[in-house]
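Colleague: coords please:
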Amino acid sequence: MLAIRFYRTGKKHQPSFKIVVTDKKRPPRGGRFVEKVGFWNPLTKEKNLNKERIEYWLSVGAKPSVSVYNLLVSENILKGKKIPKHKKKKEKKTESEEKKPQEKPEEKPEEKTPEKPEEKVEEGAEGKPQEKPEEKPSSGA
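Modeller: The predicted model follows:
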């Protein structure tokens, strides 16, 4: 499957991007891509897009990355809305939802913690209580 994505070039803190068509599973390192279809420099806002070739690759079935898709929408090569790149934060639960899970754990520890563990006592033949010796598991060889 083909993808249209950015290929970063430039120095540290001076990014510039080639827009290339490449295999989805293989990153476009070292010039290994199918075709260069454009260029974008975010610092100078310079854009150079080959509209005909981009439309051809899209018709063949190449899928643009989210960032490239948003760039193509802003340049009116594609029609549609931009896709949000970053995930939205999860909304906080309302107070009533937060209280319900907290009440359950508070009740359970009170029920599970007995004051003193009772020792097992058996009555002997004479009717006197005798303490039952605790059995220790033998370590089998």
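
Colleague: Could you use CA atoms for every contact and neighbour count after this?
Modeller: OK.

Colleague: Provide the backbone phi and psi angles at the closest residue to residue 23 other than its chain neighbours.
Modeller: Of all residues not flanking residue 23 in the chain, residue 2 sits nearest, at 4.6 Å (C-alpha to C-alpha, 6 or more residues apart in numbering). When read as degrees, to the nearest 10, the backbone of residue 2 gives phi -90, psi 150.

Colleague: What pLDDT is listed against residue 2?
Modeller: Looking at residue 2, its pLDDT reads 92.

Colleague: these two touch, right, it and residue 61?
Modeller: Yes. If you go by C-alpha atoms under 8 Å, residue 2 and residue 61 touch, sitting 7.1 Å apart.

Colleague: more neighbours, the two?
Modeller: Counted by other C-alpha atoms under 10 Å, residue 2 and residue 61 do not tie: residue 2 has more neighbours, with 18 against 12.

Colleague: gap between the more buried one and residue 62?
Modeller: Relative to residue 62, residue 2 is positioned 5 Å away (criterion: C-alpha to C-alpha, to the nearest Å).

Colleague: Nice, that's everything, thank you.
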